[in-house]
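**Student:** predicted model and sequence follow; I will ask about them next.
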Amino acid sequence: MVPSHSPGASWEVDYLHSNGLIEKTLFIMPPATPHYDVAAMWHAAQAGPGRILALPDYDPEGAVLTFASDGGIRERWPFAVVWDNTLGQKVRLLVAEQAKKSS
């Protein structure tokens, strides 16, 4: 999910939070692009009213984030994991960690 200040994204984050699904969701900080002002979008999401997630400052390189149930950052990976084939490995480790917690 890409965080945003839109009503739909706010509703989705609220839903994920109230249903205990924040920890199971990957959040994407898109890298900078000349075609869209991603930094402005990210800053608007940070300033949105009633934010549940402690969104970090924008990084033009982008990132993949996971959050704890309290909205704090749990994991932060460089966006490059999408391209270097390590995202799947990282997700598998998170799933295994969640399974251990549930046992």
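**Tutor:** Sure, I can see it.
**Student:** give me phi/psi at the residue sitting nearest the centre point of the chain?
**Tutor:** Nearest to the geometric centre of the chain sits Phe27, at 2.1 Å (Cα atoms, centre = their mean). Per-residue torsions, Phe27: phi -110, psi 140 (degrees, to the nearest 10).
**Student:** helix/strand/coil for the closest residue to it other than its chain neighbours?
**Tutor:** If the residues on either side of it in the chain are set aside, Phe27 comes closest to Leu65, at 4.4 Å by Cβ to Cβ, 6 or more residues apart in numbering. (Each C-beta comes from the backbone N, C-alpha and C, glycine too.) Under DSSP: H, G, I helix; E, B strand; the rest coil, the three-state class of Leu65 is strand.
**Student:** taking strand 63-67 as reference, get the angle to the helix ranked longest in the chain.
**Tutor:** Across the chain, the helix with the greatest residue count (assigned by DSSP state H) is helix 87-102. Relative orientation of helix 87-102 versus strand 63-67 (axes from the mean of the first three to the mean of the last three Cα atoms, to 10 degrees): 10 degrees.
**Student:** which strands and helices sit next to helix 87-102?
**Tutor:** strand 63-67, strand 73-78 (3 or more Cβ pairs under 8 Å, 6 or more residues apart in numbering; DSSP states H and E).
**Student:** hmm, the residue nearest to the centre of the chain is touching Phe67, no?
**Tutor:** Yes: when contacts are counted by Cβ atoms under 8 Å, Phe27 is listed as touching Phe67 (6.8 Å).
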